[in-house]
Every structure is written in C-alpha cells, then in structure tokens.
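Participant: can't give you the sequence, but here's the structure:
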C-alpha cells in the first residue's frame, strides 16, 4: 500500500539516498555524490513548489515528485514537473500515483494551464508513462546534457488544458527606422539601469520578451549586476544604451552549453545592425573564449525578424512550445532554437 505525503526537512536523508542512486542520477541533472545540502531543496513545499513523497507501509520513502510554478508573471500559468523513484521500488505504480496527485493539484486547485518536463530520449519507460497521461513531445534539444560520458539528447514534453486560447494577435508595428548612427559595444554597467528600463518598457520589446508593462529599475538589477556568471553586452549610440545581449553559461552536466535569455534592441533603433552585432559578440564569447559546444534560446513564434537573424547565425528550431507565454490576453507559442558547434 503506497501513501502520499508532503516532504519536510526531516526527509532530506531519504531523498538524498534516492537521488544518489546510479539509475536515478542517470536520468536527472544530478552529479555523483550530491550533498544533503543540495538535496534539501527538494524537501519543503512552498507557494512556488510542491514536493510529494510516496511511502511504503513501513514509512520508507520510495519516490518523490515535484510541481514547480513559474516565477515570472507571464509564465504563471505553467508548472514544471520532476520525478524520481527508488531503484528497489520500480514497477509498483509509484510514479503514476505521484503524477496523478500532482495533475489533480495543477488542474483542480492551482488552475494551471500548462505542465511541462524534460526527459532524456533514452528513458523509454518514463516517456511512455508521460504520454499515457496526456504529455506530448514538443521539442528535442540536441546534445542537451552529459549522460554516460557523451552528450545526450532530451525531449521537452508538455500537457495543455483544452481551454488554452492561443494568441493570434500581430506584434505591434515597428516605428519608422531612424537615421543609421555609429554604435559601439561594451559591458553593461550598473549606471545603465535607467536606460535599460526605458528599453524594456518599449511596446515591441515587451511583446517579444517576458516583461510586463511598467518595468521598474529595481526589477532589472539581475541584468546590470548578474550573479550567475552571465555575460551582458551593451550597444551604445551617442552615449546612450540602445540594446543588450545576455549569455548565461550552463552548470553541472550542461557546462558545454549556454543560454541566450535576452537579445533586445530599443524599438527606435531597429534596422541598424545592432542586434546582429550583439549576437555576434555573444557567440564570439561562447565559441572563442568559453569553448562551448551549444548555445540555445527561446523566441516568440511570431517574432519573424528575430528568427531570421538567429537562422543567419546557424540556429535551428528544435521545437514549438505551445501556449508558452501569456500575451495580449491569450497564450502564445514560442520556438526553442539552438546552435551546435
């Protein structure tokens, strides 16, 4: 008989034991010898993350599953699932029991519209389980993470509620291009925060990113003072910041890769080659200074100008993420794209 209960700090040791099992680690993003401190992040349910445990009749912890809610406002309709089952407890229906409970939570209590997850392409049993409860493969990132000493592919899978209304509106019209002016590239500095806020509050920028109207300077400090090792490059015209690119190197089993969370140009400075120069500079860092094998990004599916630019630099679409971003009162798709060395 399997029972479910929320995880607590007292379960850290039990969760750490499962996470360090070889066949569990193989299909997660974990590294060998994961510490108790690291495992503690699984152990407390919060407003943003629910962690459930499956226990046997003797109270032993046999599996853990989590439902994390996206923190950004325009992604708040989405939850992300994680799952692990102890090696000695496979084929007992534990994974399905845990997932069924989290789906009920998502649908009937949290009103989430979209659930997603990542799974290695060679985890056939998990893929079959996810498909059986309504998940579909949306993208297959190539060389996503290290597994067994090689770079392995991953599936991004998702399950959408039938009521999701997809945004069909057009992006806001671009302003007439201004006269081309020379620009220079440099690092973005803390004193650029006011200019950065002006850029992020442009209608075209807002449509193509994840920001909400009336962005504050305070909310952008992570860009001018990154704490995650990101490289932030700015474009300057006549002393004014007019665009920026951000490159965030991966960690752990994704040290070979980086994510491009932002490539943004002020609405009034489109068509002047700024985006092209910023992207070239970010990829120069990735290729020639960090030696990365993969750079990936997400882009709104209707942002055709950006998609063409990325394709010029060798990026390829790896899948379409349905109902990904809340936009103009509905849910808009995005593309996940990557460039491999």
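Facilitator: Arrived safely. Predicted model, so just to flag it, every value in this text is computed and none were measured.

Participant: burial measure for residue 267, as a count.
Facilitator: Other residues within reach of residue 267, judged by other Cβ atoms under 10 Å, total 18. From N, CA and C alone the C-beta is placed, and that goes for glycine too.

Participant: residues in contact with it?
Facilitator: Taking Cβ atoms under 8 Å, 6 or more residues apart in numbering, we find residue 267 in contact with 174-175, 202-205.

Participant: look up how far residue 339 lies from it.
Facilitator: Taking Cβ to Cβ, to the nearest Å as the measure, residue 267 falls 26 Å from residue 339.

Participant: check residue 95 too.
Facilitator: Using Cβ to Cβ, residue 95 is found at 35 Å from residue 339.

Participant: and for residue 76?
Facilitator: In terms of Cβ to Cβ, residue 76 sits 30 Å off from residue 339.

Participant: of these two, which one has the most company?
Facilitator: residue 339 (20 against 14).

Participant: before we move on, back to that, out of the contacts of residue 267, who's nearest residue 24?
Facilitator: Sorting the contacts of residue 267 by how near they are to residue 24, with Cβ to Cβ, puts residue 205 at the top with 41.7 Å.

Participant: go ahead and confirm that closest one touches residue 199.
Facilitator: Yes. Shown here, residue 205 and residue 199 form a contact pair, counting by Cβ atoms under 8 Å, at 6.0 Å.

Participant: so who does residue 341 touch?
Facilitator: Residue 341 makes contact with 287, 292-294, according to Cβ under 8 Å, 6+ apart.

Participant: try it again with 7 Å
Facilitator: Residue 341 makes contact with 287, 293 under the criterion Cβ atoms under 7 Å, 6 or more residues apart in numbering.

Participant: next one: residue 80
Facilitator: Residue 80 sits in contact with 68, 116-117, where contact means Cβ under 7 Å, 6+ apart.

Participant: ok, 8 Å please
Facilitator: By Cβ under 8 Å, 6+ apart, the residues touching residue 80 are 67-68, 70, 115-117.

Participant: same deal with residue 277?
Facilitator: So residue 277 contacts 183, 185, 235 (Cβ under 8 Å, 6+ apart).

Participant: which one of the residues you listed is nearest to residue 152?
Facilitator: For the contacts of residue 277, the nearest to residue 152 is residue 185 (35.1 Å; Cβ to Cβ).

Participant: and that closest one, which helix or strand is it part of?
Facilitator: In this assignment (DSSP states H and E), residue 185 forms part of strand 184-187.

Participant: given that strand, what are its sheet partners and their directions?
Facilitator: When sheet partners are counted by DSSP bridges, strand 184-187 sits next to strand 231-237 (antiparallel).

Participant: quick one on the thing from earlier: okay, residue 205 and residue 199: which has more neighbours?
Facilitator: When residue 205 and residue 199 are compared for neighbours, residue 199 comes out ahead with 23 against 20, by other Cβ under 10 Å.

Participant: that one against residue 243, yeah?
Facilitator: Yes. Taking Cβ under 8 Å as the definition, residue 199 is a contact partner of residue 243 at 6.9 Å.

Participant: now do the shared contacts for these two.
Facilitator: By Cβ under 8 Å, 6+ apart, the residues touching both residue 199 and residue 243 are 264-266.

Participant: contacting residues around residue 63?
Facilitator: Residue 63 touches 18, 53-54, 83-86, 89, 94-95, 98, counting by Cβ under 8 Å, 6+ apart.

Participant: correction: residue 77
Facilitator: Contacts of residue 77 by Cβ under 8 Å, 6+ apart are 70, 112-114, 323, 326, 331.

Participant: in strands, which of the residues you listed appear?
Facilitator: The strands, defined by DSSP state E, take in 114, 323, 326, 331 from the contacts of residue 77.

Participant: can I get the shared contacts of residue 199 and residue 243 in TSV including secondary structure, distance to residue 308 and pLDDT?
Facilitator: Shown next, in TSV, are those (DSSP: H, G, I helix; E, B strand; the rest coil; distance: Cβ to Cβ, whole Å; pLDDT from 0 to 100):
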residue	secondary structure	distance to residue 308	pLDDT
264	strand	17	97
265	strand	14	97
266	coil	19	96
